[in-house]
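# fold the following for me, if possible:
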Amino acid sequence: MGDIDRLPMANVSRIVASALPKDASVSKEARVALSACATVFVHYLTELAVQQCDKRKKVTLTPEDILEAVKEAEFDDFDEPLQQALQSFRNQATAAKKSGSANKRQKLDDSVAEQGGEFVA
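Just a heads-up that it's a prediction; the model follows:
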């Protein structure tokens with residue numbers, strides 16, 4: 001497996017650091033090994049999800065396909081935390097979208113006000 005196939009070392013280092021006590025250190029070789037293992041794991045789950053999609057004649061992987069692959073791989077302990085993480089991500093994405101829409105509207109209102117007009121929605 002080449003370096004291009006591995007997860008970014010910065011991401012792996014950040015995840016490892018967040019899981020360990022602050023006074024613990026991890027050698028570079030261990031971080032490389034963790035990166036390689038994580039990459040293999042991601043490829044494995046992706047392949048399981050792709051196989052499921054092929055059976056259903058689907059062309060797009062969804063988060064639900066990945067969650068199903070996790071169950072198929074018998075990593076049932078991850079189901080609830082992954083469901084929670086997915087819901088949290090979706091909530092954040094929705095909030096960001098709403099915030100972005102509100103910001104765009106405010107900018108539009110400000111722009112119209114600067115031009116001496118009135119914006120009515």
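# helices of the chain, start to end?
For the chain, the helices defined by DSSP state H occupy 9-19, 28-56, 63-72, 79-114.
# how many neighbours does residue 35 have?
By the criterion of other Cβ atoms under 10 Å, residue 35 has 22 neighbours. Using the backbone N, CA and C atoms, a C-beta is placed for each residue, glycine as well.
# I figured it was touching residue 12, is that so?
Yes: the criterion here is Cβ atoms under 8 Å, and residue 35 meets it with residue 12 at 4.5 Å.
# in stretch 78-89, which residues are buried?
If you call a residue buried by 16 or more other Cβ atoms under 10 Å, then stretch 78-89 has these buried ones: residue 82.
# which other residues reach that stretch?
For stretch 78-89, the surrounding residues in contact (Cβ atoms under 8 Å, 6 or more residues apart in numbering) are 63, 67, 70-71.
# want to throw the residues you listed into CSV with distance to residue 90, neighbour count and pLDDT?
Conversion of these to CSV gives the following (distance: Cβ to Cβ, whole Å; neighbours: other Cβ atoms under 10 Å; pLDDT from 0 to 100):
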residue, distance to residue 90, neighbour count, pLDDT
63, 9, 14, 93
67, 13, 17, 94
70, 17, 18, 95
71, 19, 13, 94
